[in-house]
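Asks: A predicted structure for the sequence below; I have some questions about it.
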Amino acid sequence: MILDELDRALLVLLLERPRAGLREYARNLGIARGTVASRFLRLQESGAIASLAPQVAPRAFGYAIHAFVHLDLAQGRLDSVVARLAEVPEVVEAHTVTGDGDLLCQLVARDTAELESLVQTLIAVDGVVRTRSQIALTQRIPRRTLPLVRAARWRARR
């Protein structure tokens with residue numbers, strides 16, 4: 001999907017003020033509410049707007065540890081390992097990667113004992129050959145997309 005300046009402007013407003021509502025976005029953009037609604041729907045259907053769900057902080061309900069676990073997998077086992085990992089609630093994200101390891105997982109745990117138990121659960125999954133873990137100390141830059149949207153908008157004006 002190719003985004004035009006109106007799409008980018010709408011995305012910036014959505015990211016800056018996600019609770020403002022379509023009427024407010026239309027007022028800010030100087031266009032009809034129906035235009036905003038159709039653009040919003042098109043952005044959703046295309047996948048440009050990935051989710052409307054709130055972002056929930058696991059730390060708020062006791063998950064004080066955020067860890068990254070690299071998994072080395074046996075050849076041909078990626079799909080079965082991912083299916084099993086999807087059953088573990090504390091695995092909050094997983095990506096296939098290049099370099100060392102085949103899969104990079106983000107886990108949350110309440111304490112180091114729970115993290116150790118989770119890593120043991122992962123290593124027991126058929127197809128996982130080895131794990132390497134790192135505990136995040138602090139999050140310095142949270143997941144964000146607003147700078148990307150702003151940068152794309154800026155580049156389009158050149």
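Replies: Arrived safely. Everything numeric here is computed off the predicted structure, so don't read it as measured data. Numbers count the residues shown, from 1 in each chain.
Asks: how much space between the nearest residue to Leu29 once chain neighbours are set aside and Gly99?
Replies: Closest residue to Leu29 apart from its sequence neighbours, by Cβ to Cβ, 6 or more residues apart in numbering: Ala9 at 5.9 Å. Heads up, the C-betas are built off the backbone N, CA and C, glycines and all. Distance from Ala9 to Gly99, counting by Cβ to Cβ, to the nearest Å: 38 Å.
Asks: Give me the neighbour count for Gln44.
Replies: 13 (other Cβ atoms under 10 Å).
Asks: contacting residues for it?
Replies: By Cβ atoms under 8 Å, 6 or more residues apart in numbering, the contact set of Gln44 is Leu52.
Asks: Specify which residue of Ala9 and Gly99 has the higher count of neighbours.
Replies: Between Ala9 and Gly99, Ala9 has the larger neighbour count (other Cβ under 10 Å), namely 19 against 7.
Asks: Show me which positions of the strand or helix carrying that one end up buried.
Replies: Using DSSP states H and E, Ala9 maps to helix 5-16. By 16 or more other Cβ atoms under 10 Å, the buried positions in helix 5-16 come out as 7-15.
Asks: outside of that helix, which residues touch it?
Replies: 3, 20, 25, 28-29, 31, 36, 39-40, 43, 48-49, 145-146, 149-150, 152-153, 156-157.
Asks: Please apply the same query to stretch 45-62.
Replies: Contact with stretch 45-62 is made by 1, 3, 7, 11, 14, 40, 43-44, 66, 92, 108, 110, 143, as judged by Cβ under 8 Å, 6+ apart.
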